[in-house]
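Q: Starting from these lines, generate the structure:
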Amino acid sequence: MDKKYHILKEYFGHSSFREGQEMIVDELLSGRDALCIMPTGAGKSICYQVPALMFGGITIVVSPLISLMNDQVTSLTQSGIAAAYLNSSLNQSQYIRVLNNIESGEYKIVYAAPERLLTDGFLDVCRRIDISMVAVDEAHCVSQWGQDFRPGYLKILDFIEALDRRPIVGAFTATATQAVRDDILEILSLNDPFVITTGFDRPNLFFSVLKPKKKAEQLTELLNERRDKSGIIYCSTRKKVEEVCDLLTEDGFQATRYHAGLSENERRKNQEDFVYDKKTVMVATNAFGMGIDKSNVSYVIHYNMPKNIESYYQEAGRAGRDGEEAECFLMYSPADVRTNQFLIENSEPNPELSDEQQKAVRELEYDRLKYMTFYCTTNDCLRSFILKYFGEKQRSYCGKCSNCLTRYETIDATIDAQKILSCIIRSGQRYGIKMIIDILRGSKNERLLRFGLDKLTTYGIMKETSEKTIRSIMICLEEQGYIMNTAGEYPIVKVTSASNDILRGNAGFEIKIAKEKQPSKKKSVVEDHSVDSGLLEKLKALRRELADKDNVPAYIIFSNAALIDMCQKLPTAPEEFLEVSGVGKKKLELYGEQFLKVIKEYVENEAAGQN
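A: Below you'll find the predicted structure:
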């Protein structure tokens, strides 16, 4: 058997590679640098962990978060792989011990925070050992155009160049636009790299945009239908996290919270409660999640709209990491747009950037917010919208998002579009969407009257049309390039040259409206498996018992997918247990006897019942 397949099976319990993994492994083994863009849950870590075990030297993995390193190292050691991490969670004596072990060759894989790379102790050790590869995880953090720019990542190239021999360099990320990809290639100075995008699609995820009148009621309804599931709820502010968490705990949900305003000890405790399944719901800001490899998250709910699609897709992608069916809900309201505009305008300037660069980044953030708003308001396929944003073609109907499951009809909105465009022009293209809507609906608000806007010929010409409808038409006009919003906390709406065709009657304008309400979500779309639920629950109980004993998260023992595969294959001997997806030699040695005992009892009882 090819050595890479032997390693894949013995340590990771898989008989075959997923899409793109084998190509990446082969390119790295050939000595070539690589830039790999793979969706969350696609198995990026396998792509550098398998080569790391085949190379003669050590692999250094640059990772941005303590939780990510802890999770990865725990998982590797459980699989029989010698690994360690270096970050601020270690005290001085622990740090020195790890450095000594690195130098004596006790580890094959070492995770390090970017800020640790150029420290004297670490760099001195790295110069004295054989480093075969440097793997850069969450590589988008190197780019100022990315959504998670981290200045420490700029030190990675300095570290590589400070080594006596340049190692192979692999960069890995889940979300990267073309500008971010170019930045990664340039800033890390990748040498003739193999560049691969395996596809951004996550077929196991269901996407839905909800527009509830009362978010709190909608949220409790969604969670009541998923009480036995593990999920994450993202909120835009710390205050909202507190409100939502209090609401859920009062309603009897096992919820906890995470945001930067909590003490480090409380954040750690709350995160562990969620990861170890002591709490089923995590309510958090976007400070939570990157590096959380919890595989049994079956839903992610965004209580507020994020600032950009990159962040949304990364956060939503934390559902269904085990490949099981999962759901992603986004609860949208126009107020979310204003909140994000405020957050962008009042964000702390990055000291690493010049004033000109800071301005460019801010304008980019406003542009990203615009596309995030389009996603929330489009009537087209949500999956197709996301994939198109990342430059990937997709059919216009996925059958697995709320828009594809809602019936629409197309109506002619040319006259309404002409009224809106005319109002923007006649008011001098000096106001935002809200003021334009107020003029069209004949509002009596003080500011409008003070500016004399009630004297315009377009004042009140759409007084019978709801604000929601006018806003929807304006969003469609912007999405199709007929109007634009300027950047800034108080954006101004302007017409584009393309609008002339509509104004002159040379082109029509159509919009899609829902013909019937979105399908009820009384039941989760997460599929049931054709396995005995009683056996599955017994295996989960055993997993929980073993996880508590070893003080590790349950999914580190076995993922839900592995337990389901056990229920389907019903192994009763060690060699059969090795055929289960996710079971390697070390996992068989550690847990095989206990799980086989439960399965054997089930098989024997079933056989007795049939006689």
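
Q: Let me see the domain layout of this structure.
A: 3-197, 205-389, 408-514, 533-610 (automatic domain parsing).

Q: I'd like those as a markdown table, with mean pLDDT, mean neighbour count and distance to residue 397 appended.
A: Every residue, glycine included, has its C-beta placed from N, CA and C. A markdown table is the format used below for those (pLDDT from 0 to 100; neighbours: other Cβ atoms under 10 Å; distance: least, Cβ to Cβ, whole Å):
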| stretch | mean pLDDT | mean neighbour count | distance to residue 397 |
| --- | --- | --- | --- |
| domain 3-197 | 91 | 19 | 20 |
| domain 205-389 | 90 | 19 | 6 |
| domain 408-514 | 92 | 16 | 12 |
| domain 533-610 | 90 | 17 | 28 |
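
Q: can I get those domains in JSON lines with distance to residue 396?
A: Formatted as JSON lines, those follow (distance: least, Cβ to Cβ, whole Å):
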{"stretch": "domain 3-197", "distance to residue 396": "20"}
{"stretch": "domain 205-389", "distance to residue 396": "6"}
{"stretch": "domain 408-514", "distance to residue 396": "12"}
{"stretch": "domain 533-610", "distance to residue 396": "31"}
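
Q: what helix or strand does the residue most central in space within the chain sit in?
A: Residue closest to the average C-alpha location in the chain (Cα atoms, centre = their mean): residue 314, at 1.7 Å. Residue 314 is part of helix 309-316 when elements are defined by DSSP states H and E.

Q: so after that helix, what's the next helix or strand?
A: strand 326-331.

Q: Now do the helix or strand following that next one: everything it contacts.
A: Using DSSP H and E, the next helix or strand after strand 326-331 towards the C-terminus is helix 334-345. Helix 334-345 is contacted by residues 236-237, 304-307, 362, 365-366, 369, 372-373, 376, 471, 488-491 when judged by Cβ atoms under 8 Å, 6 or more residues apart in numbering.

Q: just to revisit the earlier point, would you agree the residue nearest to the centre of the chain is in contact with residue 173?
A: No: when contacts are counted by Cβ atoms under 8 Å, residue 314 is not listed as touching residue 173 (9.4 Å).

Q: shouldn't residue 253 be in contact with residue 219?
A: No: with contact defined as Cβ under 8 Å, residue 253 does not count as touching residue 219 (10.0 Å).

Q: for the stretch 301-450 of the chain, what spans make up the helices?
A: 309-316, 334-345, 355-377, 382-389, 414-426, 433-441, 446-450 (DSSP state H, counting those that start in this stretch).

Q: Compute the inter-axis angle for the longest one and helix 382-389.
A: To tie it back to what came earlier, the one meant is helix 355-377. 160 degrees (axes from the mean of the first three to the mean of the last three Cα atoms, to 10 degrees).

Q: Using CSV, write out every CA atom in helix 355-377.
A: What follows is helix 355-377, C-alpha atoms only, in CSV (Å, rounded to 0.1, in the frame of the first residue of the first chain):
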residue,chain,number,x,y,z
ASP,A,355,-4.0,56.8,6.5
GLU,A,356,-4.4,56.1,2.8
GLN,A,357,-4.4,52.3,3.3
GLN,A,358,-6.9,52.6,6.2
LYS,A,359,-9.2,54.6,4.0
ALA,A,360,-9.0,52.0,1.3
VAL,A,361,-9.7,49.2,3.7
ARG,A,362,-12.8,51.1,5.1
GLU,A,363,-14.1,51.6,1.6
LEU,A,364,-13.7,47.9,0.9
GLU,A,365,-15.6,47.1,4.1
TYR,A,366,-18.5,49.3,2.9
ASP,A,367,-18.4,47.5,-0.5
ARG,A,368,-18.5,44.1,1.3
LEU,A,369,-21.4,45.3,3.4
LYS,A,370,-23.3,46.1,0.3
TYR,A,371,-23.0,42.6,-1.1
MET,A,372,-23.9,41.2,2.3
THR,A,373,-27.1,43.2,2.1
PHE,A,374,-27.8,42.0,-1.4
TYR,A,375,-27.5,38.4,-0.1
CYS,A,376,-30.1,39.1,2.6
THR,A,377,-32.5,40.7,0.1
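
Q: What is the distance between the helix or strand encompassing residue 590 and the centre of its chain?
A: Assigned by DSSP H and E, residue 590 belongs to helix 585-610. Remark: helix 585-610 is offset 36 Å from the chain centroid, using Cα atoms, centre = their mean, to the nearest Å.

Q: What of stretch 370-378?
A: 17 Å.

Q: I'd like the numbering to begin with 608 instead of 1 from here.
A: Sure, I'll start numbering at 608, so the last one becomes stretch 977-985.

Q: any residues touching that stretch, and which ones?
A: Stretch 977-985 is contacted by residues 816, 912-916, 919, 937, 939, 943-944, 947, 989, 992-993, 996, 1010, 1079, 1082-1083, 1085-1086, 1092 when judged by Cβ under 8 Å, 6+ apart.

Q: cool, and stretch 1049-1065?
A: 1026, 1029, 1030, 1033, 1034, 1042, 1045, 1046, 1047, 1066, 1067, 1070.

Q: can I get those residues in TSV with distance to residue 1113?
A: Output for these, formatted as TSV (distance: Cβ to Cβ, whole Å):
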residue	distance to residue 1113
1026	17
1029	15
1030	20
1033	20
1034	23
1042	28
1045	29
1046	25
1047	23
1066	26
1067	27
1070	28
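
Q: isn't residue 1089 right next to residue 1109, touching?
A: Yes: contact criterion Cβ under 8 Å: residue 1089 and residue 1109 qualify, at 6.4 Å.

Q: okay, residue 999: pLDDT?
A: Here the pLDDT value assigned to residue 999 is 83.

Q: That one: neighbour count?
A: Residue 999: 13 surrounding residues under other Cβ atoms under 10 Å.

Q: Next, the contact list for the nearest residue to it once chain neighbours are set aside, please.
A: Nearest non-adjacent residue to residue 999, counting by Cβ to Cβ, 6 or more residues apart in numbering: residue 807, 5.4 Å away. Applying Cβ under 8 Å, 6+ apart to residue 807 gives the contacts 644, 646, 782, 920, 993, 994, 997, 999.

Q: and of these, the nearest to residue 903?
A: Ranked by distance to residue 903 (Cβ to Cβ), the contacts of residue 807 are led by residue 646 at 18.0 Å.

Q: State the three-state secondary structure for the closest one.
A: Of the three states, residue 646 takes coil under DSSP: H, G, I helix; E, B strand; the rest coil.

Q: Next one: residue 840 relative to residue 1173, how far apart?
A: Going from residue 840 to residue 1173 by Cβ to Cβ, to the nearest Å gives 31 Å.

Q: about what we covered before: going by distance to residue 1205, which of the contacts of residue 807 wins?
A: Once Cβ to Cβ is applied, the member of the contacts of residue 807 that ends up nearest residue 1205 is residue 646, at 33.9 Å.
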